[in-house]
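> Predicted model follows, preceded by the sequence.
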Amino acid sequence: MRSQIIYVICGCAIFTVSLIIAGVIAFIYPSVDPMWVFAFVMADSFVIFLVTGLLSKYVNDYAIKTIAKLVDKEVDYDRELDKNAAFFSGAQAVRHHRKIDEDRVKIPKEKFVEYSAMLKTAAAKIEEDSDKFEKIRMNISSIVRYFEATEKMFLKVNTIGLEIKTASKNIDESTQNVLADAKRQSEVASRGVKAIGREIQGITELKHSIMSSTQIIEELVDMSEKIKLFVIKIADMGKKTNMLALNAGIEAARAGEAGKSFSVVANEIKKLSASSNQSAEEIAAILLNIQMKTKEVIEIIKLTEKFEDNIKTFYSTGDLFIEIVRAVTHIEKIIGNITNYTDEHFTDSELLCKIITDNKGKVPEYKKYIEEIKAEADNSMNEAKDTSVNLQEMRNYFSEIIKRYNEKGE
């Protein structure tokens, strides 16, 4: 690396010097084209640079090979020094350089041992890191499986949320229908209570009217009995008058001509008696009919004694209707609370569905991030394994070099 940098620096220096020389020549000899001068100087400089670079590379490679052979004990160091003694200015310089080279050769052995230990530690560390990467990869795989399960769970929860939302809507509609029915029942029960109140009032008034009629009918019965007695007396008087008329007729027949006028009067009295008897019979028949009708009315009136039971029944029915109204009112309150709850539940269900939908949409994104992290972890783990293998190879190489040192001796 240092040689390459030196080559680059030398190339830049040669280019700069060539450019300056070309400028000076062009200034001294204006008739000469500066580009030709620059090209000639560059070519000359390039040839010099190339020759110098090749010689430097040869010397560098020779030095490296010599050091490697010295390390492997494949070359006799003294012979090599004698061979190259012409390059040095004396035996003292040769011994000095020999000592320096021996130190340089000894140092790598110690460094090799140190580097081998360091490589062993690094390999162990990388192996440990590889195990950690493996655990991280397993944890990431578990996280991926968790996100997959979470995604499925979100799908199930979303389905359940939609079902709950639909059920809440159906419950709300059902409660609204029940509430409407309850209100109608409450209205019907209220009308029933009012109707029963009117019926109770009408029956009570009818009861009072019937009781008054009963008293009048009883008085009418008494008057009928009195009229009957009076008619009986009239009939008896008619019979007696008829008997007197018969006796008067008999006496008028005995009197002859003198009793004709008396006979006429007796006949008239007889006719009047017959008419009275007939009228008495007709009145008796009418009274009998009145009594029969009165008895029927009395029997009917006796049935009105059951009005009390009917009124009690109406009152009980009214109480039942009132209880129905109270129960329906209570049901309306309960249904109102249920409606409020279902409204809140429906709103919460919509919010839950929105949250689940948002989170479900983010799961693939999170999953993608986790997959990327997993891929990076896999790459890091593979790189760590490759690095561990390379370090192990380097350690084996250093161990082999140390082994050669131990076998051949210093």
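Perfect, I can see it now. No experiment lies behind these values; they were computed from the predicted model shown.

> how far away is residue 333 from residue 354?
32 Å (CB to CB, to the nearest Å). To be clear about C-beta, it is placed using only N, CA and C from the backbone, and glycine gets the same treatment.

> By mean pLDDT, point me to the weakest helix or strand of the protein.
helix 77-83 (a mean of 52; mean pLDDT, DSSP states H and E).

> Need phi/psi at residue 330.
phi -60, psi -40 (degrees, to the nearest 10).

> so how many other residues sit close to it?
Residue crowding around residue 330 was assessed by other CB atoms under 10 Å; the count is 11.

> Now do the contacts for it.
With contacts taken as CB atoms under 8 Å, 6 or more residues apart in numbering, residue 330 has no neighbouring residues.

> so residue 159 is in which element?
Counting by DSSP states H and E, the element that carries residue 159 is helix 91-255.

> ugh, wrong one, residue 354
Judged by DSSP H and E, residue 354 forms part of helix 307-408.

> what mean pLDDT does stretch 334-346 have?
Over the span of stretch 334-346, the pLDDT mean works out to 67.

> so what pLDDT did residue 217 get?
65.

> Repeat that for residue 169.
In this prediction, residue 169 carries a pLDDT score of 71.

> okay, now it: neighbour count?
Residues near residue 169, counting by other CB under 10 Å: 14.

> Distance check, it against residue 176.
For residue 169, the distance to residue 176 equals 11 Å [CB to CB].

> just residue 138 next, same as before
In terms of CB to CB, residue 138 sits 56 Å off from residue 176.

> Ok, residue 347 next?
Distance from residue 347 to residue 176, by CB to CB: 16 Å.

> same question, residue 282
When residue 282 is compared with residue 176 (using CB to CB), they lie 77 Å apart.

> Kindly report the same for residue 187.
Taken as CB to CB, the span from residue 187 to residue 176 is 17 Å.

> now residue 156
30 Å.

> and if you look at residue 145?
Relative to residue 176, and taking CB to CB, residue 145 is found at 46 Å.

> quick one: which of these two has more around it?
residue 176 (13 against 10).

> What score does that one have for pLDDT?
72.

> how deep is residue 183 tucked in, by neighbour count?
Residue 183: 15 neighbours (other CB under 10 Å).

> Residue 329 too?
14.

> can you check residue 326 too?
Using other CB under 10 Å, residue 326 is surrounded by 12 other residues.

> how far away is it from residue 156?
When distance is defined by CB to CB, residue 326 is 46 Å away from residue 156.

> swap in residue 141?
Where residue 156 is concerned, residue 141 sits at a distance of 23 Å (CB to CB).

> what does residue 331 give?
Taken as CB to CB, the span from residue 331 to residue 156 is 36 Å.

> who has more neighbours, the two?
residue 331 (17 against 11).

> per-residue confidence for the more buried one?
At residue 331, pLDDT is 70.

> Where does residue 284 sit, in terms of helix or strand?
Here residue 284 is assigned to helix 260-303, by DSSP H and E.

> Sorry, slip of the keys, the one I care about is residue 20.
Using DSSP H and E, residue 20 sits within helix 2-28.

> Show me where the stretch 1-150 of the chain dips below the pLDDT cut-off.
1-19, 21-27, 29-134, 136-137, 139-140, 143-144, 146-147, 150 (pLDDT under 70).

> what is the mean pLDDT for the helix holding residue 284?
67.

> ok, now stretch 236-255?
The model assigns stretch 236-255 a mean pLDDT of 68.

> measure residue 337 to residue 331 for me?
In terms of CB to CB, residue 337 sits 11 Å off from residue 331.

> I am finished for the moment; much appreciated.
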